[in-house]
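J.: Okay, predicted coordinates and the sequence, questions at the end:
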Amino acid sequence: MMKAILVSKCGGPEVLEWRDHEVGNPGPGEVRIRHEAVGLNFIDVYYRTGLYPAPNGLPLVPGNEGAGIVTAVGEGVTLFKEGDRIAYAGPIGAYTSERVIAADRIVKVPEGIELDVAAGMMLKGMTAEYLLRRTYAIQPGDKILYHAAAGGVGLIVGQWAKALGATVIGTVGSEEKAKLAQANGYDHVINYRTEDFVERVRQITDGKGVDVVYDSVGKDTFPGSLDCLRPRGLWTSFGQSSGPIEPFNIGILSQKGSLFATRPTLFSYIASRADLEASANALFNVVSRGVVKIGINQRYPLAEAARAHADLEARKTTGTTVLMP
């Protein structure tokens, strides 16, 4: 019998229970994998609290990101074989020592990238990829603002956007996190606890504003994010770690400069096999070349996922965190 973290009712970190969990054999088009590591992401909190409904109801095995070894393949699977090193971002169900997953949702991990690193970078790294290369395709000279710059996606965005030639501005909540962001590509870092981020962005850009704001914070940064944009700039709201944004009149976008707004999700950007492979390969490329370095700043036993969630929500973590089965 395998072990897994299960959620039988929505709530705080205490609802994460380490329990026996049956893992069956792979069916047609599926593989069974043994996890080497599992990534921790804020979307896991959304599912745990019920902000995002569990896809198949409760009980729920959380987790959208992991890496490991293929231990069995189902009928019709030709892209993978036993022993392959793989990683994935989605579908949900990663908080377990082993799992069965659709073969078309996993990718092979290149030699030279460790599996614990892969486990912690797939969801965050492919999020950075679609934000920087597809939601708003960064060009040399662009100015961007990224909230939560010392977080897992933020540290990848800082390095990658800098390599693309952007001026990279980030917000953080402490001096320690400011130093971390500065070491990962950010040209300007704003401590929102001691500075008005809207005013500072205007100073940095000589009053012109940035081309795009990437905002995963939500309630606490709205509508300030809009005030940081140049006319016809793009507000990209892709998360809500501080709480959901209240409904607003779309007319505010015209009032603040004919702004564009989008609410993307990674899973829309990697829905097809071709898009998944392209996104993963772009990520593997920048990591393999050293353009983006993935530092695992925290490790927790998977059995202590509740402690990891509590630290994540208390903003005690930085960068990438992995859970070890």
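T.: Yep, that arrived.

J.: Let me know the average pLDDT across stretch 83-93.
T.: For stretch 83-93, mean pLDDT rounds to 96.

J.: what's next to that stretch, contact-wise?
T.: 31, 33, 39, 47, 54-55, 60-70, 80, 99, 101-102, 105-109, 115, 118-119, 122-123, 126, 266-267, 270, 280 (CB atoms under 8 Å, 6 or more residues apart in numbering). (Each C-beta comes from the backbone N, C-alpha and C, glycine too.)

J.: Backbone dihedrals for Phe248, both of them.
T.: phi -140, psi 160 (degrees, to the nearest 10).

J.: My error: substitute Gly257 in the last question.
T.: phi 120, psi 40.

J.: Val198 and Lys143, how far apart?
T.: Distance of Val198 to Lys143, given as CB to CB, to the nearest Å: 14 Å.

J.: Those two: who's more crowded?
T.: The residue with more neighbours, out of Val198 and Lys143, is Lys143; 22 against 19, by other CB atoms under 10 Å.

J.: residues contacting that one?
T.: Ala166, Thr167, Ile169, Thr205, Lys208, Gly209, Val210, Asp211.

J.: before we move on, what about Ile43?
T.: So Ile43 contacts Tyr52, Asn64, Leu123, Gly239 (CB under 8 Å, 6+ apart).

J.: 6 Å - rerun?
T.: Asn64 (CB atoms under 6 Å, 6 or more residues apart in numbering).

J.: where does this structure dip in pLDDT?
T.: Within the chain, no stretch has pLDDT under 70.

J.: now the end-to-end length of stretch 237-247.
T.: This stretch, stretch 237-247, spans 13 Å end to end (CA to CA, to the nearest Å).

J.: when you give positions from now on, start the count at 238
T.: Got it, the first residue is 238 from now on, which makes the last one we talked about stretch 474-484.

J.: Now it: buried residues?
T.: Ser474, Phe475, Gly476, Gln477, Ser478, Ile482 (16 or more other CB atoms under 10 Å).

J.: Could you do stretch 329-349 as well?
T.: Per 16+ other CB under 10 Å, stretch 329-349 contains these buried residues: 329-340, 342-344, 346.

J.: before we move on, what about stretch 522-539?
T.: Val523, Val524, Val529, Ile531, Ile533, Asn534, Gln535, Tyr537, Leu539.

J.: who's in contact with it?
T.: 349, 354, 357-358, 393, 396-397, 400, 545, 554-562.

J.: Just the buried residues of these.
T.: Buried among those by 16+ other CB under 10 Å: 354, 357-358, 393, 396-397, 545, 554-560, 562.

J.: In strands, which of the residues you listed appear?
T.: Thr557, Thr558, Val559, Leu560 (DSSP state E).

J.: quick one: the residue lying closest to Glu514 once chain neighbours are set aside from Cys465, how far?
T.: Nearest-residue entry for Glu514: Val344, 6.4 Å, with adjacent residues in sequence omitted and distances by CB to CB, 6 or more residues apart in numbering. Taking CB to CB as the criterion, Val344 is separated from Cys465 by 35 Å.

J.: you'd agree Met238 is up against His258?
T.: No - in this structure, Met238 is not within contact of His258 by CB atoms under 6 Å, at 7.3 Å.

J.: So those two - more neighbours on which side?
T.: Using other CB under 10 Å as the criterion, Met238 and His258 rank with His258 on top: 19 against 8.
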